[in-house]
Structure formats: C-alpha cells, structure tokens
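K.L.:
Have a look; sequence and predicted model below, questions after that.
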There are 2 protein chains.
Amino acid sequence: MFEKLRMPKKITLGIDVGGTGIKMGLVERSGKLRRSLRFSTPSKSDPKEVAELIGVQARMLLKSKGFGTLLGVGVGAAGDVQRQTGIIRLSPNLRWKNVPLKKLLARHIDAPIVVENDANAAAWGAYIVESKRAVKNLACVTIGTGIGGGLIIDGKLYRGATGTAGEIGHATLYPEGHTCPCGNRGCLERYIGVRALSENARQAIASGASSLITSLVKGDLTKIEPLHIQKAARQGDLLARRLWRQAGESLGVGLASLVNVFNPEWIVLSGGLSRAGRLLLDPLKKTIRERSFPVPSRAVRLVISRLDQDLGIVGAGLLAFESQ
Amino acid sequence: MFEKLRMPKKITLGIDVGGTGIKMGLVERSGKLRRSLRFSTPSKSDPKEVAELIGVQARMLLKSKGFGTLLGVGVGAAGDVQRQTGIIRLSPNLRWKNVPLKKLLARHIDAPIVVENDANAAAWGAYIVESKRAVKNLACVTIGTGIGGGLIIDGKLYRGATGTAGEIGHATLYPEGHTCPCGNRGCLERYIGVRALSENARQAIASGASSLITSLVKGDLTKIEPLHIQKAARQGDLLARRLWRQAGESLGVGLASLVNVFNPEWIVLSGGLSRAGRLLLDPLKKTIRERSFPVPSRAVRLVISRLDQDLGIVGAGLLAFESQ
C-alpha cells in the first residue's frame, strides 16, 4: 500500500470512535488536518459493523489523491483500552466489553494500527498542537456525550499501570449519587456532558419550569440539545443560566480536586460543551479558585481547544506517528 | 562539620514536621533508620519556636558518636511547599502561611537543607524502601491527623507545576460537606484521619449511642483516640465497627477515583490509621473494587507501609541524598 501511492508527504489516519459519532481524518506530522469526515455510530454499536463501516469510510477518504504516504492508523476509542492488543476492555458509552477493535479493523485496513483511549489521544493532540510541547504537565478534559480525560506528564502521555489513567469522568462527584453504567455511583459524567445537561433541562421543564428552551425545540423536549440551552441562556433565560452554572460548578468541583492532586500547568477543555464559552467557564473558574489550594489554582491555565471536535482525530493521528 | 567527624558512612537527617508531632532520625542511603526521636509540635506552632526546637533536638541527635558523615538534611512538612525556597506556602494543619522554614532552620543547622511536602517525602520513602524502585507508578497515602498524598510517576517524585501535586486529602468527597481550613468544602480529610475518626466517635456517643469506647476512656470523651475505637471494634462493639467501616468506605471513594484517574501499580498506606489493619482495609478494598474500573482496580496493590510512622523521616532523609 505504501509503495503504490508514492506521494512525498507522510500522513496518518486518525479515527475517533465515540458513543454518538465516529470521526476520521488525514493528519500531517505537524498536526494539520488534511481531510476529515464524520458519521453516526451504528445504533447498536455492534463491533464488527463499526469496524466494517470504518473500513469503508477509510477507503473513501484514502482514495482521494494527493494526501501523501499513509504511515499508520491511530484510533482513539471511548473506554478502557489495552493498547498492546488494541482491545477495548470496557466502554460504557459504546456498551462494549472486551472488543478486539484493532483485530477487527485490521480486516479492513492494511496499515499499522494503534488503539488508544480517546481522551488520551485528545490529550496528546493538545500537547503537540495547542501547547507545542511547551507545557510539560497537562490535563485534557473532553466534555462530549460523557467526560473523558487524559494526562501528559513530563512531556509524555501518562497511561498508568494498565492504560486506564486519566478517567476523570469516572471520578466520584457525589458518593450517594446516580448509578453509572461503569458500576460506580455519582460519577462526574453523570452530572456534566451533553447527555447530562440535556437530561437536566428536560427534567426541569417536565417538572413545570418555564423556559425559552421549550419554544426553541417547539415543545418537543426529546429534541433538547446543549445548543438550545446555550441560545436560551444568551437570551437571559433563568433556567438555562442555572443549568450552565450548575454544570460549571459540578465540573469545577472535579477539576479543583484535579488541581490539588495533579497540579497541572494547563487544563485543556474540548468537546461539545466547551463551545459554550463563558456560560461554562465563568462558574468553572470561580469554583476551581474557591475549592483548590491558592498557589496551584493560580498557576493552572484553562485553555479551550481551538481544534475542538477535531482534537481527537488529530491526537489519534499524531499517536500513529509516534509509534513508527 | 563534615571533616570534623571523619566517619566512613554517609548519613542524612530526616525530619517530619506534622501538625501534632515532629519526628527526626538519622537515615542511611539504603533507607535504614539509625536513630530517631519524637516530640510534640509546640501548641501554637510558632515557626521560629518550631525551628529552634528542631535545631536543639537535631544537635542532640547528631552529638551521639558513630553515625557517620552528615550529608544533608531533608524536611517533610505538612502543607503546600515551595521546594526551591523552602517556604511553606500554606499549611492548614500547622496553621502556617508563607513560612520560610528552610531559612529559619538554617539558623540552627549547618548543612544543606531540602524542604518537601511530608507526604511527598513519605512517597519517596515508600518507593525506595517498600517497592525497592521496582514499582514505577505509586501513590502513597498517609492517614495521620489529616490525609496526605504523594505520587511517584515513572520512578520520579511527581510534584506538578508548583510542587503541590498529590494532595488527595484535599480532593472533594462531599461537594456540600463540612468546611475545611483549606477553604474548600467536603475535603476527604474532613471525613477520615485521626481527627475525623475520633470526632465522629465523640459525636455519636454524645448523641446517645452506647459503645464500649465510653468505658475505655472512662467516660471522658475528649480522650477518645483511634486506638480505643480499634480496641472496641475488636471486641465486637457495633458503633466502633460502623466507624471503621465508614472510614474505609469514605477513603475508598477517594481512592477509587485515584485508581481511575492515576491508575497506580501500588497504593501504599501509612500513618496512624493504617495500623487498624483489616478494620480499615476490608471496607476500603471492597469500596475500591465496587467503584473503580475492573482492570485498574484488579491491578492495584494496597500495601501497608512496614515503616509506618517512620516512613516520613526515612523519605525526607532519602530525599536529602537525592539532592546531593
């Protein structure tokens, strides 16, 4: 496959496999994203079907001329990943358990494949592209369907003993809180993220709260998305403002603990909810300041990723360069 | 001072400065503790008085013959420490703010001094002495008056951006919980540790709970210490058993989050409460297993430090070797 193309520039294919959607793109060594596409995760997220679909889409993307030599494929997947074998040991969002993703993908893609946790891939992308390797200790928090996290320590992706490190979405916020598909109670991601925020809005309105959100979704509460809550909040809607404040405060409790325990130079935020800007950031920063030690709290810089939704693809693609 | 002694073996002086007591000892490069002594922290913990007292005791310890050449002094202090300057920026337990401990000690001790957070020093001691450098990623949790924490990552003491890293005692357990002297609410150390456990026993008995603990302290509830609660629990006392179970469960919530976020190979427990053995360990292990991801939860090994109360001295002494 490599020889056939004979293109000068070396590129990798970065793939971001999430519970809602799958994104992929061609990534240069600098982190530049050349081409990308997105599609929905099949509703039952059957592993073989997911792998086949990825294969088809990858071929389409690679067929287009002028992209360079494909060095390898990097996959970021939501869940607890065993990197050596490319097995997804547990993914509450994809409802997967012990799925040999690398092996399944190898049936459809003829190039070296590395599989990594999606937030770890995003953290690596943030380290290379956002900080330009200038920040040695960095936490990356992706606020998408759920909450993912990845840690860069001393300029390296920190994976821990079994590759699980960074799962701050499954740190406990409320010990007696909602049950989580991971088996714990009160996980951070049960309270923040696209799913939690939309659900909180639905419940409040269903319980009688009046809000602009209702008219924005024309009365169909199942249609509520963070964008509606964002729009309503910007128009001064009280419920919407409260929901963002609560989301920022809840995330702030978790990140304040992260500041005290991990003491990072940067926390990079990415994913859907990070686009809400100050609606989320103001209560978040205030809570971190109030709840963490003064020195590390003043030292940490909160950065919204400019790559946003593409951070996962870019990070996964960049990891494929690393493993060459 | 070095030349005068002309002893073959090189040693350091390790000092552990806590809110309740100060411990110090002579430490060999292997981690062997040669001589040690303890004294109470002066009740108002006036920094100058503390430094002077340490100086007097250090001279006494060093005066004894046959200990070798003093290479340096390592100090572990409870609080947020700036290592470069040896300033204790914030110590809720010592009630210190911006105390130049290194400078104060240098007036009384004529040797190079390094100052480090006490739990960081303990973590370094655990890494060298307990794991014999064989475990690359290790968390050390000291359960004394409060809860301290230190992290070893990739065989190095991980300090983070400002030297604060590892403060798991000030990770939030209950977002709306008790206020903490650090400024946060619901910090882990407000619920576990010598102070919290004794206070919980006092409150329960004062509210009418009947317990063997009352007779063990001859009715004087102010005298309750973890040892009484341990003794009562071993005799089947229901309140005492419940208190240990609650302590194990609360610590378990915090450590389960640590397992998901930091994914350590070992968690080393030291300090007063770690001596309760299975009373604490059984509910602790159960909670970690229930609340963290299966793979990292099975991978982590809980180790009770054999050095126990001496871990802080030994770690501080070993850090003084490192800085030579």
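P.N.:
Perfect, thanks for sending it.
K.L.:
So residue A:64 versus residue B:139, what's the distance?
P.N.:
48 Å (C-beta to C-beta, to the nearest Å). All C-beta atoms are positioned from the backbone trio N, CA, C, and that covers glycine.
K.L.:
Chain neighbours aside, what residue packs nearest to residue A:94?
P.N.:
Spatial nearest neighbour of residue A:94, chain neighbours left out: residue A:45 (4.8 Å); criterion: C-beta to C-beta, 6 or more residues apart in numbering or on different chains.
K.L.:
what about residue A:21, how many neighbours?
P.N.:
14 (other C-beta atoms under 10 Å in any protein chain shown).
K.L.:
What residues does it make contact with?
P.N.:
Going by C-beta atoms under 8 Å, 6 or more residues apart in numbering or on different chains, residue A:21 touches A:38-41.
K.L.:
Okay, and which of those map to strands?
P.N.:
Counted as lying in strands by DSSP state E, out of these, are A:38-40.
K.L.:
Looking at those residues, spot the one nearest residue B:201.
P.N.:
Checking the ones in strands among the contacts of residue A:21 against residue B:201 with C-beta to C-beta, the nearest one is residue A:40 at 55.7 Å.
K.L.:
Based on its surroundings, how many neighbours for that closest one?
P.N.:
Using other C-beta under 10 Å, residue A:40 is surrounded by 9 other residues.
K.L.:
Also residue A:95?
P.N.:
Residues within reach of residue A:95, counting by other C-beta under 10 Å, total 14.
K.L.:
Please identify which helix or strand holds the closest residue to it other than its chain neighbours.
P.N.:
Leaving aside its sequence neighbours, residue A:95 sits nearest to residue A:45 (C-beta to C-beta, 6+ apart; 6.1 Å). Secondary structure assignment for residue A:45, by DSSP states H and E: no helix or strand.
K.L.:
can you pull the contacts of the closest residue to residue A:210 other than its chain neighbours?
P.N.:
Spatial nearest neighbour of residue A:210, chain neighbours left out: residue A:239 (7.6 Å); criterion: C-beta to C-beta, 6+ apart. Residues in contact with residue A:239, defined by C-beta under 8 Å, 6+ apart, are A:201, A:204-205, A:209-211, A:213, A:232.
K.L.:
And what about residue A:239, helix, strand or coil?
P.N.:
Put simply, residue A:239 is helix when judged by DSSP: H, G, I helix; E, B strand; the rest coil.
K.L.:
one step back: and residue A:64 and residue B:139? which has more neighbours close in?
P.N.:
In this view residue A:64 and residue B:139 are compared by other C-beta under 10 Å, and residue B:139 has more residues nearby, 28 against 10.
K.L.:
ok but that one is inside a strand, no?
P.N.:
Yes - remark: residue B:139 belongs to a strand, assigned using three-state DSSP.
K.L.:
Would you check that it makes contact with residue B:151?
P.N.:
Yes - assessed by C-beta atoms under 8 Å, residue B:139 is found in contact with residue B:151 at 5.6 Å.
K.L.:
tell me, what's touching the two both at once?
P.N.:
Common contact partners of residue B:139 and residue B:151 (C-beta under 8 Å, 6+ apart): B:123, B:166, B:262, B:264.
K.L.:
State the distance from the second one to chain A.
P.N.:
Going back to what we said before, that points to residue B:166. Distance, residue B:166 to chain A, using C-beta to the nearest C-beta, to the nearest Å: 6 Å.
K.L.:
close enough to count as contact, that residue and residue B:117?
P.N.:
Yes - the criterion here is C-beta under 8 Å, and residue B:166 meets it with residue B:117 at 7.1 Å.
K.L.:
Which neighbours do the two have in common?
P.N.:
Contacts common to residue B:166 and residue B:117, judged by C-beta under 8 Å, 6+ apart, are B:148, B:150.
K.L.:
gap between the two ends of stretch A:251-270?
P.N.:
The straight-line separation of the ends of stretch A:251-270 (C-alpha to C-alpha, to the nearest Å) is 13 Å.
K.L.:
how about it: buried residues?
P.N.:
A:251-270 (16 or more other C-beta atoms under 10 Å in any protein chain shown).
K.L.:
Keep only those residues that also lie close to chain B.
P.N.:
Restricting the buried residues of stretch A:251-270 to those near chain B by C-beta under 8 Å from any C-beta of the partner chain leaves A:253-254, A:256-265.
K.L.:
Looking at those residues, spot the one nearest chain B.
P.N.:
Of all those, chain B sits closest to residue A:263, with 2.5 Å by C-beta to the nearest C-beta.
K.L.:
Could you pull up the residues touching that closest one?
P.N.:
By C-beta under 8 Å, 6+ apart, residue A:263 lies in contact with A:137, A:296, A:299-300, B:159-166.
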